[in-house]
Every structure is written in structure tokens, then in C-alpha cells.
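> I would like to see how this sequence folds:
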Amino acid sequence: MKEKLVRVGISIGDMNGIGLEVILKTFEDHQILELCTPIIFASNKLVSFQRKHFNTMTNFQGIESVTAALEGKLNVVNCWKETPTVNFGEETEEGGNFAFLSLQAAVEALKAGDIDVLVTAPINKNNIQSNDFHFPGHTDYLAKELEGNSLMFLVSEELKVGLMTDHVPLKEVSALITEELIIEKARLMNESLVKDFRLQRPKIAVLGINPHCGDKGVIGKEDDEVLRPALKKLYFDENILVFGPFAADSFFGSQTYRNYDAVLAPYHDQGLIAFKTLAFGSGVNYTAGLNKVRTSPDHGTAYEIAGKGIADPESFRHAIFMAIDVFRNREEYAELTKNPLKVRTLELDKDR
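Residues are numbered from 1 along each chain as shown. Take a look at the predicted model:
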């Protein structure tokens, strides 16, 4: 029997950014339609305007409901009747409003099971703020709307970096990093590596909180008093292969990250500066730990190049592929774990 195609829901992000441009460029390659059924949450008029502006060869089909989506087609669900004004490169209130309408409709479809996975184009974290959206980003909004606890996980073929804290001010980081938080995020990362990325016994490197991991208390006590005890519990009590803490300043430059399956960083820039330096353009922002799959490109709205037709769709394309892969991996894991004997047989086969 032919395998059912994964239904990929796509929110458009800020219409004044590069979101719809990279979406349309991605689906110029019709072969992707053999892997998934893409469904954009927007309107025919908006997508037609941007298609004409960028002179893309991407064809799409307008539909009134998600259930009307056809395989082999790029589908656009009409989520509104208005005709918003596109001002490329500008932060506008209207841009934020329609970004939320797209995201809200896509998330409702995801929760209802009308789509299998969600891929989000970049939003502007400022103009999307409203009574309905008062979060620092997609990750926190999705954590509220979906089941599970979230982990912001930046993933490329050669590097995976997760965060203990994500979009929070630097001055608040130290107070937020508790033993409980470290254990929670490490568990989520380990579980994701097993279920979503098919790694049997993943090795996780953990970066230090302070410079040089505190230098035995000279530059801060958090590494010795909070981080190390948490890692010991994870390793000895839960059999999770965590290692560290490692001094962050030399960890990536020395290529030490290549010895591990993933890296857990205490705060945003500590992990993401390294990730985006090494994998920018090919990386994917994955929200691990939730009951549904969500991915996003590793870049923002890129107002500075919006409307110029020069945006690179590679990261968005990778986000599509990763969403499909993770969905399939979760299905396979669920099937295998129905029968523990199958899992053990698979592990023995891999060890031979």
C-alpha cells in the first residue's frame, strides 16, 4: 500500500518579511509534493500577490477548509477575507495581526489532527504581541497550546544544541537555572534524541553556566552548587549519558562538540551563537518535548532583504524535511515500543 503523505501545516509569519518568499521558493521543487501534502494558512490573495511579486513558478490551490486539501498540490487555506497591505521590510501592526491569525489557525488544525506537523515561518516578536499573544516567541505559545514540556532545540546534520532557558533576559538566567530545570531539560533532550532522531544511547554534553565553569567558585558558584549535582543525578540515578560541565568558550572551537550527539546550553546566546556560526542556513529550530511536531527555519524575518527576491529557502526546506522525518520516526518508535521484544532485537542488530 502507498504510504499516506504527511500533512504539513505552514504558518506564514510576518508577511512583510521573507516568510512567504522562502515558502514559495521551497515548493518550486515539485518533488517535495511526493513527500508531503503542504497546507499554507493565509489567503489566496496574499499568496497570489507575493507569487507575482517574486515571479515564482509555484502553483497553488485555494481551499476553504483543511479537509479539502489535495495530495500532489500546494494548498492554501483561506483564513481571512481581508486584503492586507504588504510593506516589505517594515514592522507594521497589520503584519503582526495577520501573522497571529495564520499561526492560530494552523495550531488549531494541528490540535484537531487535521494536519500532522507544523512548520512556522518567522514572526516579529514585537508586532505580534496582543491580548491573544503575549509570549516571547513561538516556543512559549506552543508550550501553552499543546501538551508536554518544551525544549528549544536547534538541529543540523552535524550539530544539535538545546537550551535550558531560551528567550529570557540575561540578568534573569542564573535565577532560573535550578537543579529541577536542568534535569527536566536534559530528560527532554534525551527523550527527543531517542524518539525523534533514533539514537539508542545518546551522549549529551552540558556547557557551564559561568566562564570556565566558575573556576571552583572564583567566578561564580552555580556550576559547582547547582549544575554538577544535577548532572550526577541524571547520570547515576537515571542512566542518562550527560557529560560536563564544559567551558563554553573553547568547546566549539576545539571541535569537542563532535564527540557528542547533542549539546545542552544554559542560555540563548551561549548556544545559538555557536550554532548559527557553524550551521546557519542549514539549521532548523525544532520544538522538542511536545505531543506535536513543530519546526521552523533558523533565521528571522530578515526585513533588510525582504521583497528583494534574494532570500535563501534552504533552512525552510530543511525545516519541512525534518518535520516529516521526526513525524515518521515517532510513528516508528510508537510501533516498536508496542512490542518490547522488537525493540531489544533492533538494539542487538545495531550492536552487531
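
> so where do the strands sit in the stretch 251-352 of the chain?
For the stretch 251-352 of the chain, the strands defined by DSSP state E, counting those that start in this stretch cover 262-265, 284-290, 293-297.

> Sheet partners, orientation included, of the longest one?
Here strand 284-290 is paired, per DSSP bridges, with strand 148-155 (antiparallel), strand 293-297 (antiparallel).

> Minimum distance to Glu64: which of those has it?
strand 293-297 (24.5 Å; Cβ to Cβ). Placement of C-beta: from N, CA and C, glycine included.

> any residues touching the closest one, and which ones?
22, 110, 116-122, 138, 142, 196, 284-287, 315-316, 318-320, 322-323, 326-327, 330 (Cβ atoms under 8 Å, 6 or more residues apart in numbering).

> And stretch 219-233, by the same measure?
With Cβ under 8 Å, 6+ apart as the contact definition, stretch 219-233 has outside contacts at 174, 177-179, 182-183, 186, 206, 208-214, 216-217, 242-245, 266.

> Could you do stretch 189-200 as well?
Contacts of stretch 189-200 (Cβ under 8 Å, 6+ apart): 151, 153, 160, 162, 202, 204, 240-241, 261-262, 264, 286, 288-289, 293, 326, 329-330, 332-333, 347, 350.

> Which phi and psi values does the nearest residue to Lys144 once chain neighbours are set aside adopt?
Ranked by Cβ to Cβ, 6 or more residues apart in numbering and with sequence neighbours excluded, the top spatial neighbour of Lys144 is Phe135, at 7.3 Å. Dihedral angles of Phe135 (phi, psi; degrees, to the nearest 10) stand at phi -130, psi 160.

> Across the sheet, point out what pairs with the residue positioned nearest the centre of the chain.
Central residue of the chain (Cα atoms, centre = their mean): Tyr286, 2.1 Å from the mean position. In this entry, Tyr286 is beta-bridged to Phe153, Thr295, by DSSP bridges.

> Give me the distance between it and Leu159.
13 Å (Cβ to Cβ, to the nearest Å).

> picking that back up, so can I have CSV of the strands of the stretch 251-352 of the chain showing distance to Ala274 and mean pLDDT?
Compiled in CSV, the strands of the stretch 251-352 of the chain are given as follows (distance: least, Cβ to Cβ, whole Å; pLDDT from 0 to 100):
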stretch, distance to Ala274, mean pLDDT
strand 262-265, 8, 98
strand 284-290, 15, 96
strand 293-297, 18, 97
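
> and of the ones you listed, who's closest to Arg7?
strand 293-297 (11.3 Å).

> CA atoms only for that closest one, dumped as CSV, please.
Extracted in CSV, the C-alpha atoms of strand 293-297 (Å, rounded to 0.1, in the frame of the first residue of the first chain):
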residue,chain,number,x,y,z
VAL,A,293,5.9,18.2,15.8
ARG,A,294,6.9,21.8,15.1
THR,A,295,9.9,23.1,13.2
SER,A,296,11.0,26.5,11.9
PRO,A,297,13.9,27.9,9.9
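
> Can you read off the pLDDT for the most far-flung residue of the chain relative to its centre?
Going by Cα atoms, centre = their mean, the residue of the chain most distant from its centre is Val218, 36.4 Å out. Note on Val218: pLDDT of 89.

> swap in the one 10 residues further on?
You'll see Arg228 listed with a pLDDT of 96.

> hang on, it in a helix?
Yes: assessed by DSSP: H, G, I helix; E, B strand; the rest coil, Arg228 belongs to a helix.
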